[in-house]
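>>> Got a predicted structure plus its sequence, pasted below:
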Amino acid sequence: QRGILKSVRSQKLTLGPGMENADDRAIKVAFATFKDSKDDTVKKTLTFDPKVEEEEVQEAMADMKTITGEVKNEAKILKDLTKPDKKKKK
């Protein structure tokens, strides 16, 4: 078990097909390591409220939508600014 724990501490979680089982094991080992902690910060970190998490995801999605709109507007402005100047008629 110590070997597994040492391995988990040195690994980064990897997202991708087929990695879910390895990530799941790493999370379980990390949780088991700290679940009996008396430290308030650790306890707060280990507490999971799906409703709060969903609210945070919804807020992040709204922020991304706003940012996407702003970037599109800036792209339009930049496109207009990079057009060649119109020649003046004499």
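Received the coordinates, thanks. Numbers count the residues shown, from 1 in each chain.
>>> mind checking which helix or strand Thr41 is in?
Using DSSP states H and E, the element containing Thr41 is helix 40-46.
>>> average pLDDT across that helix?
Mean pLDDT, helix 40-46: 81.
>>> swap in stretch 66-76?
Rounded mean pLDDT across stretch 66-76 is 93.
>>> now it, how far from the centre of its chain.
Distance, stretch centre to chain centre, for stretch 66-76: 21 Å (CA atoms, centre = their mean, to the nearest Å).
>>> next one: stretch 63-75
19 Å.
>>> Give me the helices and strands touching the helix holding Thr41, please.
Where contact means 3 or more CB pairs under 8 Å, 6 or more residues apart in numbering; DSSP states H and E, helix 40-46 is packed against helix 20-34. From N, CA and C alone the C-beta is placed, and that goes for glycine too.
>>> so for the helix it packs on, what's the average pLDDT?
Mean predicted lDDT for helix 20-34 stands at 80.
>>> Can you give the contact residues for the helix holding Thr41?
Phe31, Phe34, Lys35, Ser37 (CB atoms under 8 Å, 6 or more residues apart in numbering).
>>> Next, find the distance separating Ser37 from Thr47.
12 Å (CB to CB, to the nearest Å).
>>> Quick one: buried ones out of the contacts of helix 40-46?
Not one of these meets the buried threshold, by 16 or more other CB atoms under 10 Å.
>>> Could you dump these into CSV with distance to Asp23 added?
Formatted as CSV, the contacts of helix 40-46 follow (distance: CB to CB, whole Å):
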residue, distance to Asp23
Phe31, 12
Phe34, 17
Lys35, 18
Ser37, 22
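>>> And the furthest pair within those residues?
Taking CB to CB as the measure, the contacts of helix 40-46 reach their widest spread between Phe31 and Ser37, a distance of 10.6 Å.
>>> Is Pro84 within a helix or a strand, and which one?
With DSSP H and E as criterion, Pro84 is part of no helix or strand.
>>> do Asp63 as well
Assigned by DSSP H and E, Asp63 falls within helix 50-81.
>>> Show me what that helix is packed against.
Packed next to helix 50-81, using 3+ CB pairs under 8 Å, 6+ apart, is no helix or strand.
>>> Right, I'll call it a day here.
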